[in-house]
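Chemist: mind looking at a prediction? Sequence and model below.
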Amino acid sequence: MDVKTVCLGMLTQGDASGYDLKKYFESSFGHFFAAGYGSIYPALAALADQGLVSCEEVPQERKPDRKVYSITDQGRAELQAALVDPNPSHKVRSEFLAMMFFAHLLDENHIDTVLNNRVAECDRLLQSIKAFEEQAGGCDCLPSGARFVAGFGKAIASACRHYIEENRKVLVEREARDAGPKVAAG
């Protein structure tokens, strides 16, 4: 699934600007599907060119006109077609895991800092999901799919945090690491 398809899905919730969609990506999708303005605005332009969304320019005082997008019937049909794939991919790209794979080349203090930072990121993610649920009026007020995704995010972040705390000794004890030159934090 690409950014265009996710934008179409978000627009089923109501009309939105690129800024609104960026905030939606950050609050609802932040733990599993990152997208910035550099991918959202080109996606919206392509969707408009294909007739999958319409765009209305809303005048603003002392600011450029605000572009508000709406999903079209053709866009809904395109979204429905994209959602029938019974095997959507689940890709994980983690710079953290790539770095930890080479932890034997790193200084113990640097490893400890990286692990602490990752635990803090898990805590921020858990807080973000909690804030999203509260903003919606509680988890019970969310559509079932949003509840499932929020729960999945909490489970992953909690499991990640727990795994790091339970297994950090594997990386920070010299006896458990390979010998060789170390790269200090810099």
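Modeler: Here it is on my side, so go on.
Chemist: just checking, what packs against the lowest-mean-pLDDT helix or strand in the chain?
Modeler: Every helix and strand of the chain was ranked by mean pLDDT, DSSP states H and E. The lowest is helix 18-28, at a mean of 86. Judged by 3 or more Cβ pairs under 8 Å, 6 or more residues apart in numbering; DSSP states H and E, helix 18-28 is in contact with helix 3-11, helix 37-49, strand 63-71, helix 108-135. (Each C-beta comes from the backbone N, C-alpha and C, glycine too.)
Chemist: okay if I get these as CSV plus mean pLDDT and distance to P143?
Modeler: Putting the helices and strands packed on helix 18-28 into CSV (pLDDT from 0 to 100; distance: least, Cβ to Cβ, whole Å) gives the following:
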stretch, mean pLDDT, distance to P143
helix 3-11, 93, 11
helix 37-49, 94, 22
strand 63-71, 93, 16
helix 108-135, 92, 12
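Chemist: quick one, what contacts the residue lying closest to A131 once chain neighbours are set aside?
Modeler: Nearest residue to A131, sequence neighbours excluded (Cβ to Cβ, 6 or more residues apart in numbering): S27, at 7.5 Å. Neighbouring residues of S27 by Cβ atoms under 8 Å, 6 or more residues apart in numbering: 128, 131-132, 135.
Chemist: now do S27 against D20, distance only.
Modeler: Distance, S27 to D20, using Cβ to Cβ, to the nearest Å: 11 Å.
Chemist: cheers, nothing more for now.
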